[in-house]
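K.L.:
build me a model:
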Amino acid sequence: MSQLYLSAVANARQIMQAQAVNANNLANASTDGFRAEIAYISDAQNGGQALSSPDLSEGVIRTTGRNLDVAVNGRGWIAVQAPDGTEAYSRRGDLHVDPLGQMVDGLGRQIMGNQGPIAIPPFSNIEIANDGTISIQPLGQPANTMAVLDRIKLVDLPDENTLRGEDGLMRLPDNNIADASAAVQVTSRSLEGSNVNTVGEMVKMIELARRFEGQVKLMRSAQENHAALNKIMGMN
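P.N.:
Next up, the predicted model:
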């Protein structure tokens, strides 16, 4: 098979992978705390695999008035327990307490504290301070009785070492664990929206579709040239 055909196939494969990234970005345009992924196409390099990296720019913070909603203020991440049991990092701040008393985010991932996953005893009121400190009014206690329970583990990851896993969570290389950072702050009763630029992603989707069509035309041209060459060779 000609080099032109093989190159077009590799390019088309990368474009399809970039389209999948683009589609995932658009599907999560309204997901709180979501970080878009940026795909890179490199003209059939890297074995026909498109490269990608997370867009770490911030989303818009909106006020919700809900006690358990938090938005990371500026740089930083919330430590969570990933489905595989490892520690990972997220910006999603729609927290709640599940029936087992575990503090989890909107996808049911446990929130990490000073000593591991945060457990919340029965309470009448709960507050989260700007440094992530959780205080509760124990059930049956007076309104002025607020007890400090734990602190959400907040970390600051270096941009160049921040990797996105297949589960959408951020990690450090080799699953290293980040130290808690006192410099990271949250805004309570607020949520950070997705940083996906919907218009930009739609434009990118159209551009990728056109590029894919161009590669398909190249493949057809290469096949036609190959067939014509075989016919000429057969006449000799």
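K.L.:
pLDDT weak spots in the chain?
P.N.:
Scanning the chain for pLDDT under 70 picks out 1-2, 43-48, 223-231, 233-236.
K.L.:
flag every buried residue along stretch 111-125.
P.N.:
Across stretch 111-125, burial judged by 16 or more other CB atoms under 10 Å covers 111-113, 117-118, 120, 123. All C-beta atoms are positioned from the backbone trio N, CA, C, and that covers glycine.
K.L.:
list just the nearest of the residues you listed to residue 61.
P.N.:
Nearest to residue 61 among these is residue 111, at 18.8 Å by CB to CB.
K.L.:
show me what that closest one is bridged to.
P.N.:
Taking DSSP bridges as the rule, residue 111 bridges to residue 80.
K.L.:
just checking, it touches residue 77?
P.N.:
No - contact between residue 111 and residue 77 fails when scored by CB atoms under 8 Å: they sit 11.7 Å apart.
K.L.:
got TSV for the buried residues of stretch 111-125, with secondary structure and distance to residue 186 too?
P.N.:
Converted to TSV, the buried residues of stretch 111-125 look like this (DSSP: H, G, I helix; E, B strand; the rest coil; distance: CB to CB, whole Å):
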residue	secondary structure	distance to residue 186
111	strand	12
112	strand	14
113	strand	14
117	strand	18
118	coil	14
120	coil	17
123	strand	19
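K.L.:
output the residues you listed as JSON lines; include the columns distance to residue 67.
P.N.:
Formatted as JSON lines, the buried residues of stretch 111-125 follow (distance: CB to CB, whole Å):
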{"residue": "111", "distance to residue 67": "14"}
{"residue": "112", "distance to residue 67": "19"}
{"residue": "113", "distance to residue 67": "17"}
{"residue": "117", "distance to residue 67": "20"}
{"residue": "118", "distance to residue 67": "15"}
{"residue": "120", "distance to residue 67": "12"}
{"residue": "123", "distance to residue 67": "10"}
